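Q: Just the structure for this:
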Amino acid sequence: MREPFIMEGEEKVFVPELVPELVVPDLTNFELKPYVSYRVVEVSQSEFTARDLFDAVYSEKVAQDWKAGVEEEETHARALEEMLSKEEAWKKARQTGSDIFPADCEGQKSLKIDF
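A: Residues are numbered from 1 along each chain as shown. Presented below is the predicted three-dimensional model:
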C-alpha cells in the first residue's frame, strides 16, 4: 500500500487525499433487496482499449489535420500538447484525484517529488 506522504527533499509531507477511505452508503430502512432476476438479459461489453481511448480523444483532431494537409508526426504531437495552456495544465495536475495534491499547493508553483 502506498504511504499517504510525498517527499520534499528530506521531509515527508502528509497528503490527506492519499489516505484510502471507504465510502459506503447507509442502507438503514432501505426497502429494496440486493437481487437480480435470473430473467435479466446478460450484458457483455468489450474491453476499453488504448485504440478506443485514442479514438475518443484524438481521432477528430488527427482527421482535421490530415484534411488540412498536415502530415508530420511532430506537428500532430505539438498541436495535441498545445491544447492546454501551462496554467490549465498546472491546475489540472493539482485537482483532487490527480497524483499530486499537496495541502498547501495554492502558494507553490513548483514541487519536487521523490518516489
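Q: For Met7, give the beta-bridge partners.
A: Met7 forms beta bridges with Lys12, Asp114, as assigned by DSSP bridges.
Q: quick one: pLDDT of it?
A: pLDDT, the model's per-residue confidence, is 88 for Met7.
Q: Quick check: it vs Glu47, distance?
A: 36 Å (C-beta to C-beta, to the nearest Å). All C-beta atoms are positioned from the backbone trio N, CA, C, and that covers glycine.
Q: Of those two, give the one with the bigger neighbour count.
A: The residue with more neighbours, out of Met7 and Glu47, is Met7; 13 against 5, by other C-beta atoms under 10 Å.
Q: Met83: what's it in contact with?
A: With contact set as C-beta atoms under 8 Å, 6 or more residues apart in numbering, Met83 has no partners.
Q: Pretty sure it sits in a strand.
A: No: under DSSP: H, G, I helix; E, B strand; the rest coil, Met83 falls outside any strand and is assigned coil.
Q: Phi, psi for the residue of the chain most remote from its centre please.
A: If you look at how far each residue of the chain sits from its centre, by C-alpha atoms, centre = their mean, the farthest one is Arg39, at 36.7 Å. Taking degrees, to the nearest 10, you get phi -80, psi -10 for the backbone angles of Arg39.
Q: mind checking how far it is from Phe48?
A: Taking C-beta to C-beta, one finds Arg39 at 28 Å from Phe48.
Q: just Glu10 next, same as before
A: In terms of C-beta to C-beta, Glu10 sits 41 Å off from Phe48.
Q: Looking only at neighbour counts, state which of the two leads.
A: Phe48 (9 against 6).
Q: what about the more buried one, which helix or strand?
A: Using DSSP states H and E, Phe48 maps to neither a helix nor a strand.
Q: Start the count at 837 instead of 1 going forward.
A: From this message on, residue numbering opens at 837, which makes the last subject Phe884.
Q: Moving C-terminal from the helix or strand bottoming out on mean pLDDT in the chain, which element do we reach first?
A: Least confident element among the helices and strands of the chain, by mean pLDDT, DSSP states H and E: helix 909-917 (a mean of 62). Following helix 909-917 in sequence order, the next helix or strand is helix 922-929 (DSSP H and E).
Q: Much appreciated, bye for now.
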